[in-house]
Each structure stands twice: as structure tokens, then as C-alpha cells.
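S.K.: Task: produce atomic coordinates for the following.
(one chain, ligands or ions: 1)
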Amino acid sequence: MSSRRRRRRLHSRADFHAAKRIVIKAGTSVVSCDEGFPSLVRLANIVESAAKLARAGKEVLIVSSGAVGIGRRKLHNQFMARQSLTDVLRKGASGIPSIVDPHTRISYNSACAAAGQMGLVSLYETMFSQFGLSTSQLLVTAFDFTSTERKNNLEYVLSELLDLGVIPIINENDAVTGNMGYETCGEFFADNDSLAGLVADLADAQLMILLTDVDGVYSCNPKLPSARLIDVLEKHHVVDIGEKSLYGRGGMKSKINAMFQAADNGVDAVVIASGKKQTIIDRIIAGEHVGTVAFAPDEDAEAVEDPLSPPGSGRSTPDSKLDAITMAQAARTEGRKLKLVSTDVRNAILNRIASELELKQEEILEVNKLDLAAAAASNLSLQLLNRLKLTPTKVSSCVNFLDHNGVGMA
Ligand code: GLU
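M.R.: This is a model prediction of the structure:
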């Protein structure tokens, strides 16, 4: 299902409540404290909000880091417990093996992850079970996204679990990847932000929330007084991301990359926000302007421009072309206004348009035939002709979509 194009459901923050499938990614800096202990408060916040969403009928998938961080403390304690008093007196109490050598670092981090993952998922399981919800664990590697067979299996398992209302808790299988991430997936960055993006794409999620230790993306280094939190991030924005957090592999750069990668692949909206703020997930879903959001590319933009571009089509004379441009611009302006009105008013307007479309279906199809004939005479490409062509099925799916107030259709 990767990179499939769906009809966009979320056009603004006010639509987030309508997201059916949501991926929440929690970074190491969120799920664990500086000392390497799990942050029970922050984990509980995430679980409580996710449980609320699940109980309201949403499908929630959690991508959680933190295994390495939590496991590091466990291995450290184990190391200390195995030292004799003489060893400790001789070598000092640091006890942590040297991680300068890359091989040691890779295997040590992987061992930490193997030890920490159990504690991490058991916390999720215990907390979700208090809300009457079941959880599952999926540990994946880059290979699972590049091999069609494995990817299909993963997609199938995710959909089975979600159908049954079981919450997937997903992490990298660090023990076999050496905590090296997903480099082999082409443009993806090697961390759990990109994993969340891959999962959101695979699961066809509408909303992805990347929880980290800063409030979102800033216009410049957040340490500078002139830094301003960006509400909606566009691809062309240039941001100075400042320093990477001490914990976890990803940084703001990888979050922004994962954000746009997911948005380009059809995840309607991606939010980067602080997982250190209580109820942050609830506030995002409620449409509050918290964190930074990026939206999937606007399909309307293509729809407005493409039909106008071919020279010599049925609407190709300067006057009629201008007319079409004016109409398209007016439609876009009205479309934007529609997003600002209350849900009831919007639904009433959409239903009215649906019935008008239904009533005038024959007339619309007749006019479309004329347009098609003129377009064909002007050698319009087959691809554009197909886009221009209306059929009763196309019209009724449009009516259906509007009848569902633009949110209920896949
Ligand atoms: N899989 C790693 C962990 O559980 C985290 C990787 C990352 O932070 O991107 O600790």
C-alpha cells in the first residue's frame, strides 16, 4: 500500500478529530528520563491519550523508542552486580564498558535494546490493560520494508491487529540490526522517526504524531531569542534546527525528513510536538495550534491547474481560459472558507452540493461530452483526457463523498 494516493481527509488542524488511524511515535527523550529510568509520567500520558482515542473508535499504532536507553541502566546494574568488591575498588565504579570502539558500541547498544525492550513493552501492556485494551509487539528491520513478502506480512498483521482493536507497539529489532536503523530503505533516515513514517504509510494512517523533547520546529535555533515556533511547515521553509537531543538516534532534521516523506506518501498530516507536555495528544486531536504540522501536498492545486494547461482544448481561447482560471480560483477561495465554518454548516453545504450534483448529473455529463470532444480535437494527452472524462460512477462517488461530509470515505 506504500505511496498510494488516497483522498485527503485532513485539510486543517480542525479536521484532526476525523482521523481514523493514527501513528504516535514516542522518542527516547520522551519515554525515559535523563538517568535512564523510564519516565512513567510521560508514558502514562501517552497511554491515557492513546487509550481515549482507541476507546473512541480510532485505530492507534505506537512506535516507541527507549529500549536502548532503558536497557543501558539494566546492563549497568547487572555489570555492577557481577563485579567483585576488589574489581570495583581497582577499576572505579563507572562499570560501563568502553563504547569508543564501534563494534563494541553496536553490540552493546543492541544488547541494551534486547534487555530494555522487555521492560518498555511490559509498561505499555500493563498501562493499556488498565483501560481494557490489549497490546502487541512488533520488532522490525529495514529489510521488512524492502522485501515485498515481509512487507505484505507486516501489513497483514497490522490490519489483523487493528481490526481486533489490539494496539501495535512497534520498535526496531535492534538486536539484529545492530541499532543501525533503516538506511537500506533509500532516502529514509536511520532512526525511529523514519520507522514511524514507514509504518504510517504501510498502515495507511491519516495522522502521524512525532513526540519529542521540544515544542516543534522553530524558525531558527530554538536557543536564540528570535526563535519562533512554526505552526505549519512547508517544504520550502528553511529552518536552522539547532542541536540534536542527547538521547535517541534521530534529531530534528530526521523528524522533518520523516515528516515530509510521510506526507508525500499520502499521510494527510504529520505533527511534531513535545511529548513532555501533558495531554499534548488530546490537544493535537482537538485541533489546538500546538507543535508544528506538515500536510500532504494539496491535491486541489493539481486539479485547478492541469485542465487549464493544454493549449487548444475546448476552453482554450484566452477569454474562456481566463474564465476557467477565475472559476477555479473562486472555487478554491470558497473551499478555504468552507474549512472555517462550523461542522454543522459545512455538512449542510456539502449535502446541498451533493443533491445539486445528483439532480444535474445528466446535464453535467452532456456538457462534459462537449468538453471531451473539443479536448480530443486539440490533441490533449490521453492521460489528461481521462482526467477530464466524467462517468456516472465518478459523479456518484463524488456525491457519496459529499454525503459523507468529505470525511468518511477511503
Ligand atoms: N530502537 C531504539 C530504541 O528503542 C531507538 C532508535 C531511535 O531512537 O531512533 O532505543
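S.K.: what about the nearest residue to residue 15 once chain neighbours are set aside, how many residues close to it?
M.R.: What sits nearest to residue 15 in space, not counting adjacent residues and going by C-beta to C-beta, 6 or more residues apart in numbering, is residue 9, at 6.7 Å. Yep, even glycine has a C-beta here, placed from its N, CA and C like the rest. Using other C-beta atoms under 10 Å, residue 9 is surrounded by 20 other residues.
S.K.: Is residue 9 in a helix, a strand, or coil?
M.R.: coil (DSSP: H, G, I helix; E, B strand; the rest coil).
S.K.: Look up phi and psi at it.
M.R.: When read as degrees, to the nearest 10, the backbone of residue 9 gives phi -100, psi -30.
S.K.: Test my guess that it contacts residue 268.
M.R.: Yes - judged on C-beta atoms under 8 Å, residue 9 makes contact with residue 268 at a distance of 5.8 Å.
S.K.: which neighbours do those two share?
M.R.: 19, 206 (C-beta atoms under 8 Å, 6 or more residues apart in numbering).
S.K.: Would you map the helices across the stretch 251-400 of the chain?
M.R.: 252-264, 280-285, 299-305, 318-340, 343-359, 361-377, 382-388, 392-403 (DSSP state H, counting those that start in this stretch).
S.K.: Does residue 272 touch residue 218 like I think?
M.R.: No - with contact defined as C-beta under 8 Å, residue 272 does not count as touching residue 218 (10.5 Å).
S.K.: Between these two, which is the more surrounded one?
M.R.: Remark: of residue 272 and residue 218, residue 272 carries more neighbours, 26 against 21, as counted by other C-beta under 10 Å.
S.K.: quick one: low-confidence ranges for the stretch 1-150 of the chain?
M.R.: Low-confidence segments of the stretch 1-150 of the chain (pLDDT under 70): 1-7, 88, 90-105.
S.K.: How about the residues of it by the ligand?
M.R.: Within the stretch 1-150 of the chain, the positions adjacent to the ligand are 28, 65-69, 113 by C-beta under 6 Å from any ligand atom.
S.K.: residue in the stretch 251-400 of the chain nearest to the ligand?
M.R.: Nearest residue of the stretch 251-400 of the chain to the ligand: residue 254, at 8.0 Å (C-beta to the nearest ligand atom).
S.K.: Residue 144 and residue 154 touch, don't they?
M.R.: Yes - contact status for residue 144 versus residue 154: in contact at 5.7 Å, counting by C-beta under 8 Å.
S.K.: how many other residues sit next to residue 40?
M.R.: By other C-beta under 10 Å, the burial measure for residue 40, its neighbour count, is 12.
S.K.: Quick one: residues contacting it.
M.R.: Going by C-beta under 8 Å, 6+ apart, the list of residues near residue 40 reads residue 123.
S.K.: What separation do you get for the residue of the stretch 251-400 of the chain closest to the ligand and residue 117?
M.R.: Residue 254 sits 21 Å away from residue 117, taking C-beta to C-beta, to the nearest Å as the criterion.
S.K.: Please apply the same query to residue 45.
M.R.: For residue 45, the distance to residue 117 - C-beta to C-beta - is 21 Å.
S.K.: what's the answer for residue 34, then?
M.R.: 20 Å.
S.K.: So the two - more neighbours on which side?
M.R.: Counted by other C-beta under 10 Å, residue 34 and residue 117 do not tie: residue 117 has more neighbours, with 24 against 10.
S.K.: That one: which element?
M.R.: In this structure, residue 117 sits in helix 102-129 according to DSSP states H and E.
S.K.: residues in contact with the residue of the chain most remote from its centre?
M.R.: Relative to the mean C-alpha coordinate of the chain, counting by C-alpha atoms, centre = their mean, the farthest residue is residue 86 (52.2 Å). Shown in contact with residue 86 (C-beta under 8 Å, 6+ apart): no residues.
S.K.: Model confidence at residue 283, what's the number?
M.R.: Note for residue 283: predicted pLDDT of 98.
S.K.: show me the contacts for the nearest residue to it once chain neighbours are set aside.
M.R.: Nearest residue to residue 283 in three dimensions, chain neighbours excluded: residue 290, at 5.0 Å (C-beta to C-beta, 6+ apart). Going by C-beta under 8 Å, 6+ apart, residue 290 touches 215-216, 273, 277, 280, 283-284.
S.K.: picking that back up, return the set of buried residues in the helix holding residue 117.
M.R.: 106-117, 119-121, 123-125, 127-128 (16 or more other C-beta atoms under 10 Å).
S.K.: now that helix, how far from the centre of its chain.
M.R.: From the chain centre to the centre of helix 102-129 is a distance of 24 Å (C-alpha atoms, centre = their mean, to the nearest Å).
S.K.: CA-only coordinates of the helix or strand just after that helix in PDB, if you can.
M.R.: Using DSSP H and E, the helix or strand that follows helix 102-129 towards the C-terminus is strand 135-140. Output in PDB follows, covering the C-alpha atoms of strand 135-140 (Å, rounded to 0.1, in the frame of the first residue of the first chain):
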ATOM      1  CA  THR A 135      -1.300  -4.600  23.000                       C
ATOM      2  CA  SER A 136       1.100  -6.400  20.700                       C
ATOM      3  CA  GLN A 137       4.800  -6.100  20.000                       C
ATOM      4  CA  LEU A 138       6.300  -5.800  16.500                       C
ATOM      5  CA  LEU A 139      10.100  -5.600  16.100                       C
ATOM      6  CA  VAL A 140      11.200  -4.700  12.600                       C
END
